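Novice: give me coordinates for this.
(chains A, B, C and D)
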Protein chains: 2
Amino acid sequence: MATIRDVAKLAGVSVATVSRVINKNGYVNKETEQAVQQAIKMLNYEPNKVARGLASKKTETIALIMPDISNPFFSELARAVEDAARLYGYTVLICNSDNDSGKEQTYINVLKKRYVDGILFATHSLKAADISAMNEAGIPLVILDRAPSKASCYVVRSKNYEGATMAVRHLLQIGCKKIAHIYGPQETATGKERLLGYEDSVRHFEWFTPSLMVPGHFRINGGMEAVEQLLARHPDVDGIFAGNDLMALGALKKLQQMGLSVPDQVALCGFDGIELTVITEPELTTISQPIYDMGALSTRLLIQKIEGVAVDNQIYEFDVELIARGSTRKDMKTP
Amino acid sequence: MATIRDVAKLAGVSVATVSRVINKNGYVNKETEQAVQQAIKMLNYEPNKVARGLASKKTETIALIMPDISNPFFSELARAVEDAARLYGYTVLICNSDNDSGKEQTYINVLKKRYVDGILFATHSLKAADISAMNEAGIPLVILDRAPSKASCYVVRSKNYEGATMAVRHLLQIGCKKIAHIYGPQETATGKERLLGYEDSVRHFEWFTPSLMVPGHFRINGGMEAVEQLLARHPDVDGIFAGNDLMALGALKKLQQMGLSVPDQVALCGFDGIELTVITEPELTTISQPIYDMGALSTRLLIQKIEGVAVDNQIYEFDVELIARGSTRKDMKTP
DNA sequence: ATCCGATGTGTAACCGGTTACACACAATGA
DNA sequence: TCATTGTGTGTAACCGGTTACACATCGGAT
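Specialist: Numbers count the residues shown, from 1 in each chain, chains lettered A, B, ... in the order given. The predicted model follows:
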């Protein structure tokens, strides 16, 4: 592969001039530029990213740290991130943290040694202290789906609380008389906010009791177990709002196994809007966040921060949307 | 961050000696080594990967090129790859090709400029010529799930043909009288081999006719459409073997929508063994490949090749396994 | 006529490692 | 005793870019 010195020699100029042409900075004479361009074409020259990285400390690489890429939510997110990054010439490193803050620290350390330009966090094990540390180290950061913390950094999230209230309202509208909630980990902002939205929407009903809230750990199995517990305690539950789609999928499956008809006997609503919600029969009603857009925006923000482009807001909050489908479509089934 | 020169100064030796200590090559006196180690600890020194990459042309980075990370098969694979890579101190770049060979070429180009150490291909748009080109460029390669080609490189795959025959045999065993196949893209080795396995297993039956084979493009929607076509042509089909799990999921959904009971009226078997096969009701019978193991082995092979460790075989073929579940469990449902 | 800023280009240091090569010294064998 | 080999270490070039700085030229303002 040709180097910048080869180009300089062929064009009869110095490497500095070639570099100026490539990076379009500094003064270069039109004709000189032509000559350099010609030489570049001739030699099929393309700048070496590693050398450039060493010299400039910019590698055009970002890292995505998340709990687990094999979780559909994160794989959809990762796709969006990679697409957006590619548009700007960046490449994406993936890091699975399993929500283990030790692993996360190890990653951060490695990423620093690699001069990664910025990090996109989609995990909750990051502490405020870590954020300040990264800020001091000068590593741009965007955090996904986290409550805003003291430490300053960009946050991209969606309206979890509102979404939860929308879910409950929808279930009430279709006639549910007793609505339960399967909630996610309370260490996560998403888990907490959705639970709160549910609670605030139902606490004034006389049928409400705290035992209608069951943990499901954001996982399929968790959703299944939650339904078992729930129906043992409250056989008369006729609506379930699950804190994410995976738990809703688990819940749906368990309900079907128990011989309960969805939505006729129990209506079901999830949260997230992952693609898998359409593979079941009935399809899953969900409060959909624009996962792809969130990933893409996060990435653009991160890159803008890396490249020193001023961005006005610190927090970007996306609207969520109710997608009513078969799992709550009582009207269709009971004419 | 401390540099190697800082360490050298503090330890009172030259950078070469420090480098020797770090890389454990060349002669170093025991006491000198102690001193250097002490200095390293003192300064909290860790070698800069970018500088090392430039000097040695090894970046301890591998790339995973696949069609789409948001496809569950590939996200499970990616997880395995990242886990295995991390064990060896490597990081993973992700590249979504959408099976577009133009995109793929662009990636390869970028990866070269980044001194990526090796590439794991899980896509079929790679041509034999490309493989030779990469070989000449000295970039180690492992290919997943591809038929062995002339060009020499490591291939990790599973027994697609055998798996297909297992699927058909299973469907026959549970009493199916007319078995159809939804096949994947014939540009892929997996699609082709599974189709062939089906054909060879059924061609001698008098009920067999080519119109029992319908394309499904390895996608959920494809599976749904295929079922529609199939049942229009052959209302008496009572068994379907889908070339991958996504198509099987689509098929299951369409069958349920059409009011057909699975497995009683139509039994269904997929291929791949992705985790999602358990979220439906009934759960999906599938020919399971060890996706995680395949990803992990591919990665280990790639890294061994990168590090010059001799590996005997060129082709690694995994056994597949029939996982019989609800979608073919007629015995349970019809006592 | 003089000064100044804008334009254009080259030299060489630098980023932070690796490594070829030179050199010094001790032990070993002929 | 001397050549040879094995240890141990430092110097400096090198990987392939970026960029501070020096220097030259030129047009326009004073």
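Novice: is the closest residue to A:Ser327 other than its chain neighbours in a bridge, and if so with what?
Specialist: If the residues on either side of it in the chain are set aside, A:Ser327 comes closest to A:Leu268, at 4.3 Å by C-beta to C-beta, 6 or more residues apart in numbering or on different chains. Placement of C-beta: from N, CA and C, glycine included. According to DSSP bridges, the residues that bridge with A:Leu268 are A:Ile240.
Novice: number of nearby residues for A:Pro215?
Specialist: Around A:Pro215 sit 19 other residues, with neighbours defined as other C-beta atoms under 10 Å in any protein chain shown.
Novice: where does pLDDT dip in the stretch 151-300 of chain A?
Specialist: A:151 (pLDDT under 70).
Novice: strands of that one, start to end?
Specialist: Assigned by DSSP state E, counting those that start in this stretch, the strands in the stretch 151-300 of chain A fall at A:154-158, A:179-183, A:213-215, A:239-242, A:267-272, A:285-288.
Novice: A:Leu302 contacts A:Val142, doesn't it?
Specialist: Yes. Contact status for A:Leu302 versus A:Val142: in contact at 4.5 Å, counting by C-beta atoms under 8 Å.
Novice: okay, and the common contacts of those two?
Specialist: Between them, A:Leu302 and A:Val142 share these contacting residues under C-beta atoms under 8 Å, 6 or more residues apart in numbering or on different chains: A:118-120, A:154.
Novice: from A:Asn96, how far out is the nearest residue to A:Val168 once chain neighbours are set aside?
Specialist: Closest residue to A:Val168 apart from its sequence neighbours, by C-beta to C-beta, 6+ apart: A:Ser201 at 4.0 Å. Applying C-beta to C-beta, to the nearest Å, the value for A:Ser201 to A:Asn96 is 35 Å.
Novice: now whichever residue of the stretch 151-300 of chain A sits closest to DNA strand C: closest residue in space that isn't a chain neighbour?
Specialist: Residue nearest to DNA strand C within the stretch 151-300 of chain A: A:Cys153 (24.4 Å; C-beta to the nearest atom of the strand). Leaving aside its sequence neighbours, A:Cys153 sits nearest to A:Leu141 (C-beta to C-beta, 6+ apart; 4.5 Å).
Novice: to what extent is the one you found buried, counted in neighbours?
Specialist: By other C-beta under 10 Å, the residues close to A:Leu141 number 21.
Novice: and for A:Phe205?
Specialist: Per other C-beta under 10 Å, the neighbour tally for A:Phe205 reads 14.
Novice: right, and the residue nearest to A:Ser327 touches A:Asp245 too?
Specialist: No. Using C-beta under 8 Å, A:Leu268 makes no contact with A:Asp245, being 10.5 Å away.
Novice: who touches both of those two?
Specialist: Common contacts of A:Leu268 and A:Asp245, defined by C-beta under 8 Å, 6+ apart, comprise A:Leu284.
Novice: backbone dihedrals for the residue in the stretch 201-335 of chain A that DNA strand D sits nearest to, please?
Specialist: Closest contact between the stretch 201-335 of chain A and DNA strand D, by C-beta to the nearest atom of the strand, is at A:Gly308 (12.1 Å). Dihedral pair for A:Gly308: phi 70, psi 20, per degrees, to the nearest 10.
Novice: tell me the confidence at it?
Specialist: A:Gly308 is assigned a predicted lDDT (pLDDT) of 88.
Novice: next: A:Pro335.
Specialist: Looking at A:Pro335, the pLDDT reads 34.
Novice: any idea how far the residue nearest to A:Ser327 is from A:Asn244?
Specialist: From A:Leu268 to A:Asn244 the distance is 13 Å (C-beta to C-beta).
Novice: can you pull the contacts of A:Gln105?
Specialist: Per C-beta under 8 Å, 6+ apart, neighbours of A:Gln105: A:Asp130.
Novice: element containing it?
Specialist: Taking DSSP states H and E as the definition, A:Gln105 sits inside helix A:101-113.
Novice: so for the very next helix or strand once past that helix, mean pLDDT?
Specialist: For helix A:101-113, the succeeding helix or strand toward the C-terminus, using DSSP H and E, is strand A:118-121. Mean per-residue pLDDT for strand A:118-121: 96.
Novice: what's strand A:118-121 in contact with?
Specialist: By C-beta under 8 Å, 6+ apart, strand A:118-121 touches A:62-66, A:81, A:108, A:111, A:134, A:139-144, A:146, A:298-299, A:302-303, A:305-306.
Novice: what pairs with it, parallel or antiparallel?
Specialist: strand A:61-66 (parallel), strand A:141-144 (parallel).
Novice: in terms of mean pLDDT, which of the ones you listed ranks lowest?
Specialist: Across the strands paired with strand A:118-121, the lowest-scoring stretch is strand A:141-144, with a mean of 93.
Novice: so what's the gap between that strand and the chain middle?
Specialist: Centroid separation for strand A:141-144 versus its chain: 9 Å, with C-alpha atoms, centre = their mean, to the nearest Å.
Novice: kindly report the same for stretch A:291-306.
Specialist: Its chain's average C-alpha position is 10 Å from that of stretch A:291-306, according to C-alpha atoms, centre = their mean.
Novice: show me what counts as buried in that stretch.
Specialist: Within stretch A:291-306, the residues scored as buried using 16 or more other C-beta atoms under 10 Å in any protein chain shown are A:291-292, A:294-306.
Novice: close to chain B, is it?
Specialist: No. Figure legend: stretch A:291-306 not in contact with chain B (C-beta under 8 Å from any C-beta of the partner chain); closest approach 9.1 Å.
Novice: do the same with stretch A:252-261
Specialist: Yes. Contact of stretch A:252-261 with chain B is found when judged by C-beta under 8 Å from any C-beta, involving A:252-253, A:256-257.
Novice: within reach of DNA strand D, which of the buried residues of stretch A:291-306 are there?
Specialist: When contact is defined as C-beta under 7 Å from any atom of the strand, these do not meet DNA strand D at all.
Novice: in helices, which of these appear?
Specialist: Of those, the ones assigned to helices by DSSP state H are A:291-292, A:294-306.
Novice: need the contact list for the residue nearest to A:Val168.
Specialist: Taking C-beta under 8 Å, 6+ apart, one finds A:164-165, A:168-169 in contact with A:Ser201.
Novice: all good on my end, thank you.
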